[in-house]
Every structure is written in C-alpha cells, then in structure tokens.
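> next comes the sequence, and after it the predicted model I'd like to discuss.
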Amino acid sequence: MEIFNFFIGIDISKVTLDFAVVVANKMLFHFQSSNDKKDIESFFKHLKIQCPNATFANSLYCMEHTGIYTNHLLNFLHSKQAKVWLEHPIHIKDSLGMIRGKNDKVDAQRIATYAYKNRDEVRSLTRNSRILSAKNSRRQE
C-alpha cells in the first residue's frame, strides 16, 4: 500500500477545473483553472508554493470520470507519472450520503475527502497505470 500525504480532488467540467487539496482530512486550499494545458501547469506552480513538500510521488489525484473533459489533465498527470484515481461519480456520490448544496468548489473538496477517507482501498496504482479505480483494481487481482 502506498502512503499519500496530499489528496487532491478535482472537479472537471468542459471549461474549468476545480482543485481542492486535503491533508489529514483538512482542506488546505482551493484553486480554479481553465481546462487547458497552460492553466493546468499553473495549478502545480501554485501547489508548490502552498505546499512545498507536495510531490507527484506523495500525492493522490482523484477525479470523477467525465469522459473527454479529463483528457488534458490525464495527459499531464501521466507525463509526470502521478498517481491518479479515476472514480465513477456514483461511487463518490453514494459514499457521501444525503448532502445539500452543490458547486464546483464544494464538489472538488468532496472528491478530495472521498480519496482521503478511502485511501486504504486504492490498490495497484503503478507508474504505468494512469487510470485506476479501487473497484476495478479488485476485479484485476
């Protein structure tokens, strides 16, 4: 089992990405960028300023599968050999129970919290595997 210190939840839409960074179940900060390569890189520069100890090796990037809108981010993360957890939106929604209120910032925080709370279920993440859900990893074993 890999040890992660930083849990980055990402709410993905066609136009924007909302990043929420969680450490030890506490929200550190939120960052919004355009869903393009240049702005994705701006998040990682901001992350390095806010969390100098954050690396691709000690961070888990969790997002809902939203089809082609994930492509820019997944390509970037794959090029950095980052650990990615691409989860079905229903699994995240069902884990939260009854909730009220919804916006991109809150969704990103909920995704990051989901990753933190379910970190023991993340298995078989390797440098060669850029897309993996905990549910799928159990089926592969």
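Arrived safely. Numbers count the residues shown, from 1 in each chain.
> use CA for all of it now, contacts and neighbours both
Fine.
> can you tell me what sits against stretch 9-19?
8, 20-22, 30-35, 61-64, 66, 69-70, 104-105, 107-113, 115 (CA atoms under 8 Å, 6 or more residues apart in numbering).
> actually stretch 51-71, sorry about that
Outside stretch 51-71, the residues touching it (CA under 8 Å, 6+ apart) are 3-14, 35, 47-48, 80-89, 92, 111-112, 115.
> just the ones of the contacts of stretch 9-19 in strands?
Taking DSSP state E as the definition of strands, the contacts of stretch 9-19 contribute 8, 20-22, 30-34, 61-64.
> just the residues you listed now: which is nearest residue 75?
residue 61 (12.9 Å; CA to CA).
> and that closest one, how close does it get to residue 32?
According to CA to CA, to the nearest Å, residue 61 and residue 32 sit 15 Å apart.
> residue 23 pairs with what?
When bridges are called by DSSP bridges, residue 23 pairs up with residue 26.
> make sure it is actually in contact with residue 5.
Yes - at 6.2 Å, residue 23 counts as touching residue 5 under the criterion of CA atoms under 8 Å.
> for the protein, which residues score under the pLDDT cut-off?
The chain contains residues with pLDDT under 70 at 1, 96-101, 123-141.
> who's the residue nearest the centre of the chain bridged to?
Residue closest to the average C-alpha location in the chain (CA atoms, centre = their mean): residue 62, at 2.3 Å. Residue 62 has these beta-bridge partners by DSSP bridges: residue 9, residue 85.
> where do the helices sit along this structure?
Taking DSSP state H as the criterion, the chain contains helices spanning 37-50, 71-79, 89-96, 104-117, 134-140.
> what's the most buried one of the ones you listed?
Highest mean neighbour count of these: helix 104-117, a mean of 23 (counted as mean count of other CA atoms under 10 Å).
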